[in-house]
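> model the following, please.
(one chain, ligands or ions: 1)
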Amino acid sequence: MTRKSYEELRSYRWYGVDDLRSFGHRSRAKQMGYAREDWAGKPVIAIINTWSDINPCHTHFRDRAEEVKRGVWQAGGFPVEMPAISLSEPFQKPTTMMYRNLLALETEELLRSYPCDGAVLLGGCDKTTPALFMGAASMNIPALFVPAGPMLRGNWRGKTLGSGSDTWKYWAELRAGNITEDDWEEIEDGIARTPGTCMTMGTAATMMCAAEALGLTLADAGSIPAADSNHARMATRCGRRIVDMVWEDVKPSDVFTEKSFENAITTVMAMGGSTNAVVHLVAMAGRLGVELDLERFDEISKRTPFLANIRPSGKYLMEDFFYAGGLAGLLNEMKDILHLDCMTVNGKTLGENIEGKDIYNEDVIRRRNNALSAEGGLAVLRGNLAPGGAIIKHIAADPSLHTHTGPAVVFKDYNDMAARIDDPDLPVTKDSVLVLQNAGPQGGPGMPEWGMLPIPKKLLEQGVRDMVRISDARMSGTSYGTCVLHVAPESFVGGPLAHVHDGDMIALDIPGRTLKLLVDDAELAARSAVWVAPEAKFARGFGAIYAAHITQANKGCDFDVLEGTAPTPEPEIH
Ligand code: FES
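Residues are numbered from 1 along each chain as shown. Below you'll find the predicted structure:
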């Protein structure tokens with residue numbers, strides 16, 4: 001393997017040459033207390049840190065950044081920590097999805113505009129994983145990922161609590177008068193008790209495991225609990241490894257291929273992962289010029305067994321998954337449907353990384369012959385209501401609704417839905433199809449996780465627990481129900497969803513993979529001709545940039561100007 005010389009490093013142009021500008025760079029580095037021997041002859045490693053005081057999932061990242069630095073120093077690199085926007089799922093409004101591309105852009109431009117030779121990416125809370133990958137892939141310098149890792153199990157009076165799902169469960173119990181306000185506050189104390197991401201199979205766990213399967217992390221890194229000392233040691237190993245990756249010049253374009261993305265999709269299906277993974281993986285692949293159409297997800301779903309028994313579709317939590325063998329144990333169980341020759345950032349193939357790994361609890365990670373379901377959790381639907389496609393997590397849907405035709409009850413936006421959903425006069429029955437408009441990439445904005453529309457109260461009282469719901473929104477990985485999501489094109493830009501009227505019949509056929517509005521073409525054309533586009537949401541600022549460039553869900557909701565692999569000039573050093 002050829003190794004780069006010091007003179008070939010990007011950072012050499014800042015620190016190594018002998019001119020007036022490099023004098024400035026060196027003297028300013030010395031101002032920070034560094035000496036020439038700290039950087040001379042060494043690669044500069046950026047540690048992109050998404051820590052912030054408002055991101056509970058990343059509270060350990062100040063420590064982890066120090067542990068990465070330790071590894072970088074050990075291996076003969078020069079670590080430079082760079083903070084980047086922290087997308088904090090619980091706190092950021094209207095949704096972190098609106099800011100995923102901003103973190104991607106910031107990551108790319110930090111790496112481009114500063115003297116970085118390689119990057120260690122610290123993320124994990126939902127959108128941070130795809131965003132950091134997208135930025136590093138577009139910059140295309142050596143990079144690897146330290147996944148934040150899940151938090152430990154929640155606990156309340158000896159009962160295990162899981163992020164998201166138990167919040168809803170006990171909220172319902174509180175409203176029903178089965179638990180007290182004091183009980184509720186004790187649950188608040190116990191449901192999130194350590195650093196780390198949600199420990200159910202939400203977007204964070206889904207994307208961290210997808211990152212491992214993609215080859216973006218060190219082997220076995222995707223599910224280590226944040227509070228486990230293995231996590232700190234993994235961070236230090238990442239620091240050591242990235243220095244070698246720079247000398248070996250292992251770039252994202254060398255590691256991540258169409259096949260790697262297929263491995264990531266297979267992993268998402270076997271994990272019963274979040275529907276959000278579809279949007280993210282499409283966007284991530286797009287940064288490397290790999291086109292993933294929705295049908296690829298459907299095909300892979302059909303051939304992948306669902307093996308990870310993790311809430312909300314299963315029984316356990318990510319801590320249990322790690323002890324049961326973690327992702328390597330799961331992947332080793334389905335080697336025949338993976339591309340084992342794909343490279344990973346540790347310099348080995350996926351096949352080498354999972355060789356000999358085993359499952360230590362066969363209820364948490366199922367064997368193939370005892371799979372939770374013979375196929376993965378997602379289905380892609382098409383039809384005149386979703387010409388660009390829509391998705392459904394059908395393993396979380398009532399089987400009696402997999403084929404269903406019913407009349408639409410239409411809400412023009414979230415506020416309309418919130419105002420009317422529990423109205424006793426709402427003309428809704430268990431056979432109705434609830435339709436939420438204007439909740440997509442532009443309409444939400446940011447496709448908020450509103451896709452699990454609430455069941456109207458009067459139907460709840462009749463014992464109805466699931467019904468067909470359709471929107472251009474997303475849904476939390478911890479949600480469930482017969483919810484058709486990501487309808488493209490969205491209603492805000494005049495997609496067919498905008499033209500659904502109350503009472504129109506809608507036919508859902510999951511086995512046939514179709515979603516049809518049973519209104520004839522002439523009538524739909526007439527409705528489209530008189531449709532008035534909603535007013536633009538933003539006149540200035542990031543919102544205006546977002547609205548001008550965001551793509552639809554089936555294209556990954558990337559900014560059109562950030563897609564692709566067209567070269568971007570290196571900065572001149574003046
Ligand atoms: Fe950060 Fe769920 S809130 S991962």
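
> elements contacting the lengthiest helix in the chain?
With secondary structure taken from DSSP state H, the chain has its longest helix at helix 229-248. Packed against helix 229-248 by the contact rule (3 or more C-beta pairs under 8 Å, 6 or more residues apart in numbering; DSSP states H and E) you find strand 44-49, helix 61-74, strand 118-123, strand 143-147. Any C-beta I mention is one placed from the backbone N, CA and C, and that applies to glycine too.

> let me know the next secondary structure element after it.
The C-terminal neighbour of helix 229-248 among helices and strands, as given by DSSP states H and E, is helix 252-255.

> contact residues of the stretch 1-150 of the chain facing the ligand?
If contact is defined as C-beta under 6 Å from any ligand atom, the residues of the stretch 1-150 of the chain in contact with the ligand are Cys57, Glu89, Pro90, Cys125, Asp126.

> now with 5 Å?
The stretch 1-150 of the chain comes close to the ligand at residues Cys57, Glu89, Pro90, Cys125, as judged by C-beta under 5 Å from any ligand atom.

> quick one, what contacts the closest residue to the third one other than its chain neighbours?
Nearest non-adjacent residue to Pro90, counting by C-beta to C-beta, 6 or more residues apart in numbering: Pro56, 7.0 Å away. With C-beta atoms under 8 Å, 6 or more residues apart in numbering as the criterion, the residues that contact Pro56 are Ser88, Pro90, Ala192, Pro195.

> residues near Ala553, how many?
Look at Ala553: counted by other C-beta atoms under 10 Å, it has 28 neighbours.

> ok, it touching Gly495?
No - taking contacts as C-beta atoms under 8 Å, Ala553 lies outside contact range of Gly495: 10.3 Å.

> so what sits against both of these two?
Counting by C-beta under 8 Å, 6+ apart, the contacts common to Ala553 and Gly495 are Gly388, Gly440, Asp472, Val487, Ala488.

> secondary structure and pLDDT added to those residues, as JSON lines?
Converted to JSON lines, the shared contacts of Ala553 and Gly495 look like this (DSSP: H, G, I helix; E, B strand; the rest coil; pLDDT from 0 to 100):
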{"residue": "Gly388", "secondary structure": "strand", "pLDDT": "97"}
{"residue": "Gly440", "secondary structure": "coil", "pLDDT": "97"}
{"residue": "Asp472", "secondary structure": "coil", "pLDDT": "98"}
{"residue": "Val487", "secondary structure": "strand", "pLDDT": "98"}
{"residue": "Ala488", "secondary structure": "strand", "pLDDT": "98"}
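
> could you save the residues you listed as JSON lines and add columns showing distance to the ligand?
Rendered in JSON lines, the data for these read as follows (distance: C-beta to the nearest ligand atom, whole Å):
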{"residue": "Gly388", "distance to the ligand": "28"}
{"residue": "Gly440", "distance to the ligand": "22"}
{"residue": "Asp472", "distance to the ligand": "23"}
{"residue": "Val487", "distance to the ligand": "25"}
{"residue": "Ala488", "distance to the ligand": "25"}
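
> what residues are up against the residue lying closest to Ile545 once chain neighbours are set aside?
Using C-beta to C-beta, 6+ apart and skipping the chain neighbours, the partner closest in space to Ile545 is Phe559 (7.9 Å). Contact criterion C-beta under 8 Å, 6+ apart gives Asn101, Leu105, Ile545, Tyr546, His549, Ile550, Thr551 as the residues in contact with Phe559.

> low-confidence ranges, the stretch 1-150 of the chain, go.
Of all residues in the stretch 1-150 of the chain, none has pLDDT under 70.

> Lys357 reaches Glu333, doesn't it?
No - in this structure, Lys357 is not within contact of Glu333 by C-beta under 8 Å, at 9.1 Å.

> more neighbours: the two, which one.
Comparing Lys357 with Glu333 by neighbour count (other C-beta under 10 Å), the higher total belongs to Glu333, at 22 against 17.

> tally of neighbours for the closest residue to the ligand within the stretch 301-450 of the chain?
The stretch 301-450 of the chain approaches the ligand most closely through Met318 (10.6 Å), counting by C-beta to the nearest ligand atom. Residues contacting Met318 under the criterion other C-beta under 10 Å number 34.

> gap between Thr194 and Met151?
To Met151, Thr194 is 5 Å away according to C-beta to C-beta, to the nearest Å.

> in the protein, which helix or strand is least confident?
Among the helical and strand segments of the chain, the one scoring lowest on mean pLDDT, DSSP states H and E is helix 165-175, with a mean of 84.

> show me what secondary structure element comes after it.
Of the helices and strands lying after helix 165-175 in sequence (DSSP H and E), the nearest is helix 181-190.
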